[in-house]
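K.L.:
here's my sequence, what's the structure:
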Amino acid sequence: DLVRSRGLGDVYKRQVVVHDGSGGTGPYTALLRELAARDAGPVVGIERSAGDGYLTTPADELFHDLTERYTVSVLDTGARRVHVVGYCMGGLLAAGIADRLAACGVEATATVMSSYRIPFTVHDEILLDFSFARLMGCRPQDMGIDVDEDALGRALRAAREDGHDDITAGVLHRYADDDLRAQLARAPRTSAERVGRFLRTEAGRPWSRESLDALREVYVHSLAAVAAWSEPPVTVPVTFLRQRDPLSFLPDLGDDMTSFWVDGCLGGLDVVDVDGDHFTCLDAAHAPTVADLVVARAPWAGDAGGQDERDGQDSHDEQHSHDEHDGRSGGRDDADGPGGGPVTGPVGQPAVDTRPDQRQDQRPDQRRTVLVSGATGAVGSAAAARLFRVLGPGDRVVLLGPVSYTHLRAHETVLDLVCRLLLEKK
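P.N.:
Numbering: from 1, shown residues only. The predicted structure is shown next:
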């Protein structure tokens, strides 16, 4: 769901914040206040909603499904210049959404905060509740988990160095030192007991058992999805806001995140250090600095006055310029679709423009066929609609499928990569 915020008078641009692993936009509360104070432009948030299939979608499919759906939601706003912002899991979603928006003709950038693909899957229930407590801004001790975080970090690092991608209770026990094993053994035996203990503390008073269990279920599924993330590199400009302060139980987090975004960004990457650690970099003390950076990284940052008014004329000007280049005049009938022609046909079949050919002197072999691959469903339809605005009568668009965007990018050859980058960069 798009959750509307303030400043929606400008139809052409949007700041979009994307939920983290909790499924909500709570982590952005302080940041949204600061953005409003800076008149940062229209801001909307994307949150999950009841009945959205979030928990029933397999973890290894969740990112692809959410990114496709959220991209369509942003396209439906009509915005043509979009800055997508995401923290933690939301950063991975933000980069993918911005990349798909750009493929549909939207000017898009992404800012990601303390985000990456976790290089291991957590199956140990105590470790899940430990990180869940930190997600909520609470002490793990409130759940009865009182461990030496430096020792926990050493155990996790050793397990990863030995090639363990699944951190089970057995793996953690094997690499823990004697003191850490004893501390883990003293924790309440089951997750239900740990959650019950938390509810009896001052920090747990605002929560009901039902709401806390529901949030934990979403968090655990989100964490599994982040570990299973397999989206392709992105070709839009990305800014990575890297937290300065380390976490003792994940001592290499900053370096791991940096390596991840260096490898995953083909359209340019800026790395900017911000104060705080992974759990505090967006709190009230640090939100003003982050807000300044978010404002500065929007596609319209630094525009001269009047840019927004000119945005509404871009499509007409682009078409007029193209018409002059081809020796044609503008006026065309838009009754059949966004560009006067059909938007899609059956997958793998040409969506042929059936309008009368106004270019009598054009030979059939001069008519253009554009193949659109890797974008299916509503995103593919939007890409085809965009193309019809600049193609001429008699030209056609073919949507190639069925194949997912992720599958196509994962299996492309070097030659495919070069051709795709040339196309996406126009």
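K.L.:
thought Phe279 was touching Gly137, still the case?
P.N.:
Yes. Assessed by Cβ atoms under 8 Å, Gly137 is found in contact with Phe279 at 6.8 Å. Placement of C-beta: from N, CA and C, glycine included.
K.L.:
who has more neighbours, the two?
P.N.:
Neighbour comparison, Gly137 and Phe279: the larger count goes to Phe279, with 18 against 12 (by other Cβ atoms under 10 Å).
K.L.:
count of residues packed around the nearest residue to the more buried one once chain neighbours are set aside?
P.N.:
Of all residues not flanking Phe279 in the chain, Arg134 sits nearest, at 5.5 Å (Cβ to Cβ, 6 or more residues apart in numbering). Using other Cβ under 10 Å, Arg134 is surrounded by 16 other residues.
K.L.:
how about Ala227?
P.N.:
18.
K.L.:
assign a three-state SS to it, would you?
P.N.:
helix (DSSP: H, G, I helix; E, B strand; the rest coil).
K.L.:
shouldn't it be in contact with Thr121?
P.N.:
Yes. Assessed by Cβ under 8 Å, Ala227 is found in contact with Thr121 at 4.3 Å.
K.L.:
Ala182 belongs to a helix?
P.N.:
Yes. Assignment of Ala182 by three-state DSSP places it within a helix.
K.L.:
make 29 the starting number, not 1.
P.N.:
Understood, numbering begins at 29; the last thing we discussed is Ala210.
K.L.:
give the burial count for it, as a bare number.
P.N.:
11.
K.L.:
what do you get for Arg228?
P.N.:
For Arg228, using other Cβ under 10 Å, the count is 10.
K.L.:
in stretch 165-173, which residues are buried?
P.N.:
For stretch 165-173, a neighbour-count test (16 or more other Cβ atoms under 10 Å) marks 166, 168, 170-173 as buried.
K.L.:
so what does Arg233 look like in phi/psi?
P.N.:
phi -60, psi -40 (degrees, to the nearest 10).
K.L.:
now do the contacts for it.
P.N.:
Contact analysis of Arg233 by Cβ atoms under 8 Å, 6 or more residues apart in numbering lists Leu227.
K.L.:
report pLDDT for it.
P.N.:
pLDDT for Arg233: 91.
K.L.:
show me where the stretch 79-228 of the chain has its strands.
P.N.:
109-115, 135-141, 149-150, 194-195 (DSSP state E, counting those that start in this stretch).
K.L.:
do you know which of the ones you listed lies nearest Thr267?
P.N.:
With respect to Thr267, and counting by Cβ to Cβ, the nearest of those is strand 135-141 at 4.5 Å.
K.L.:
parallel or antiparallel, which strands does that closest one pair with?
P.N.:
The sheet places strand 135-141 alongside strand 109-115 (parallel), strand 266-271 (parallel), with pairing taken from DSSP bridges.
K.L.:
picking up where we left off before, in TSV, list the strands of the stretch 79-228 of the chain along with distance to Val100 and mean neighbour count.
P.N.:
What follows is the strands of the stretch 79-228 of the chain, written out as TSV (distance: least, Cβ to Cβ, whole Å; neighbours: other Cβ atoms under 10 Å):
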stretch	distance to Val100	mean neighbour count
strand 109-115	13	27
strand 135-141	14	27
strand 149-150	29	18
strand 194-195	34	18
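K.L.:
quick one, which of those strands gets closest to Val248.
P.N.:
strand 149-150 (8.6 Å).
K.L.:
note down every partner strand of the closest one and its orientation.
P.N.:
Counting by DSSP bridges, strand 149-150 is paired with strand 194-195 (parallel).
K.L.:
hang on, the earlier thing: dump the strands paired with strand 135-141 into CSV; add distance to Leu94 and mean pLDDT as well.
P.N.:
Output for the strands paired with strand 135-141, formatted as CSV (distance: least, Cβ to Cβ, whole Å; pLDDT from 0 to 100):
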stretch, distance to Leu94, mean pLDDT
strand 109-115, 11, 96
strand 266-271, 18, 94
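K.L.:
okay if I get the ones you listed as a markdown table plus distance to Gly198?
P.N.:
Shown next, in a markdown table, are those (distance: least, Cβ to Cβ, whole Å):
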| stretch | distance to Gly198 |
| --- | --- |
| strand 109-115 | 32 |
| strand 266-271 | 31 |
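K.L.:
those: which one's closest to Ala319?
P.N.:
strand 109-115 (10.2 Å).
K.L.:
list the contacts of the closest one.
P.N.:
40-46, 48, 55-56, 102, 120-123, 125-126, 129, 134-143, 310, 322, 325-328, 339.
K.L.:
the residue nearest to Phe307 reaches Pro168, doesn't it?
P.N.:
Yes. Using Cβ under 8 Å, Arg162 makes contact with Pro168 at a distance of 6.8 Å.
K.L.:
any idea whether the closest residue in space to Ala312 that isn't next to it in sequence is helix, strand or coil?
P.N.:
Residue nearest to Ala312 in three dimensions, not counting chain neighbours: Ala58, with 4.4 Å by Cβ to Cβ, 6+ apart. Assigned state for Ala58: helix (three-state reduction, three-state DSSP).
K.L.:
quick check: mean pLDDT across stretch 175-192?
P.N.:
Mean predicted confidence for stretch 175-192 is 92.
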